[in-house]
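Peer 1: Kindly return the folded structure for what I paste below:
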Amino acid sequence: MFNKIGFKLIVAVGITAIITIGVFAYFNIQSHSNALLAEVERHANQLSETVKASTRYDMLLNQRDRIDKTITSIGSQPGIRNVRIMNKLGVIIYSSHKSEIGKMVDKKTESCYACHEADKPLERLPINKRTRIYSTPADSSRILGIINPIYNEKSCWEADCHAHSKDKTILGVLDVTTSLAEADNEIKRGEIEIVIFAIAAIIALSFIIGFLVKK
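Peer 2: Down below sits the predicted model:
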């Protein structure tokens, strides 16, 4: 009778421990993943602002060759998939991938859903909609993209070489995509460590309960 009660106690405590530690492990993994992606997103946003700042003066002077060289140089850095500038209609004007210059982006693809809605470009893009995560069939790793609208400023419509009217709100969109391969590897490594810890904790707790019941 005592053995049956002890066995039932071990099973009950074991199941409780599995549920409790499992829930803790799940939320820990989610928290770790979200924190890491938020950090990557922050760096991607800083990179996007850097690209805008680096090309702003050349855009005011309409120095296309310098803009193209800047985008090509930044786009060739490790971890960066692509850097491109599209006009308001979605035509690619500059890109670190030369083959896509002059092409119209597919507004219905997963990588472009944030900047177009019902085939009309958004004039004001909320910060929480500037980033998206997607993957391509040709690449197993995920991709993080950030969209940065290029708004019409006073220096733009007053520039001698520009034909932008004052009533235009947005002139184009800067799109920067980076690889999440390193971040995904870090997330996977963290998941494995947490799962190993959870299993070890459950086994250790079961042995302790078993020992105490036996005594």
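Peer 1: wouldn't residue 169 be in contact with residue 150 here?
Peer 2: No: contact criterion Cβ atoms under 8 Å: residue 169 and residue 150 do not qualify, at 10.5 Å. To be clear about C-beta, it is placed using only N, CA and C from the backbone, and glycine gets the same treatment.
Peer 1: Of the two, give the one with the bigger neighbour count.
Peer 2: Between residue 169 and residue 150, counted using other Cβ atoms under 10 Å, residue 150 has the larger neighbour count: 19 against 12.
Peer 1: List the buried residues for the helix or strand harbouring the more buried one?
Peer 2: Applying DSSP states H and E as the criterion places residue 150 in strand 143-151. Going by neighbour count (16 or more other Cβ atoms under 10 Å), the buried part of strand 143-151 is 143-150.
Peer 1: Check which helices and strands that strand is in contact with.
Peer 2: helix 2-60, strand 131-134, strand 170-179 (3 or more Cβ pairs under 8 Å, 6 or more residues apart in numbering; DSSP states H and E).
Peer 1: Need the CA coordinates for the very next helix or strand once past the first one. PDB is fine.
Peer 2: To tie it back to what came earlier, the one meant is helix 2-60. Where DSSP H and E defines the elements, the next helix or strand beyond helix 2-60 is helix 64-75. Backbone C-alpha positions of helix 64-75 (Å, rounded to 0.1, in the frame of the first residue of the first chain) are rendered in PDB as follows:
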ATOM      1  CA  ARG A  64      23.100  59.000 -59.400                       C
ATOM      2  CA  ASP A  65      26.600  57.500 -59.800                       C
ATOM      3  CA  ARG A  66      27.500  58.300 -56.200                       C
ATOM      4  CA  ILE A  67      24.200  57.000 -54.900                       C
ATOM      5  CA  ASP A  68      24.600  53.800 -56.900                       C
ATOM      6  CA  LYS A  69      28.200  53.300 -55.500                       C
ATOM      7  CA  THR A  70      27.000  53.900 -51.900                       C
ATOM      8  CA  ILE A  71      24.200  51.300 -52.200                       C
ATOM      9  CA  THR A  72      26.400  48.800 -53.900                       C
ATOM     10  CA  SER A  73      29.100  49.200 -51.200                       C
ATOM     11  CA  ILE A  74      26.700  48.800 -48.300                       C
ATOM     12  CA  GLY A  75      24.800  45.900 -50.000                       C
END
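Peer 1: and the angle for helix 64-75 with helix 2-60?
Peer 2: In terms of direction (axes from the mean of the first three to the mean of the last three Cα atoms, to 10 degrees), helix 64-75 departs from helix 2-60 by 160 degrees.
Peer 1: what's in contact with helix 64-75?
Peer 2: For helix 64-75, contacts defined as Cβ atoms under 8 Å, 6 or more residues apart in numbering pick out 47, 50-51, 54-55, 58-59, 80, 82-85, 94-97.
Peer 1: Quick check: ChimeraX command selecting the buried ones in those.
Peer 2: Of those, the buried ones can be selected in ChimeraX as follows, counting by 16+ other Cβ under 10 Å:
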select :47,51,55,58,59,80,82,83,84,85,94,95,96
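Peer 1: what would the helices and strands packed on strand 143-151 look like in JSON lines with mean pLDDT and distance to residue 90?
Peer 2: Shown next, in JSON lines, are those (pLDDT from 0 to 100; distance: least, Cβ to Cβ, whole Å):
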{"stretch": "helix 2-60", "mean pLDDT": "83", "distance to residue 90": "18"}
{"stretch": "strand 131-134", "mean pLDDT": "84", "distance to residue 90": "16"}
{"stretch": "strand 170-179", "mean pLDDT": "86", "distance to residue 90": "8"}
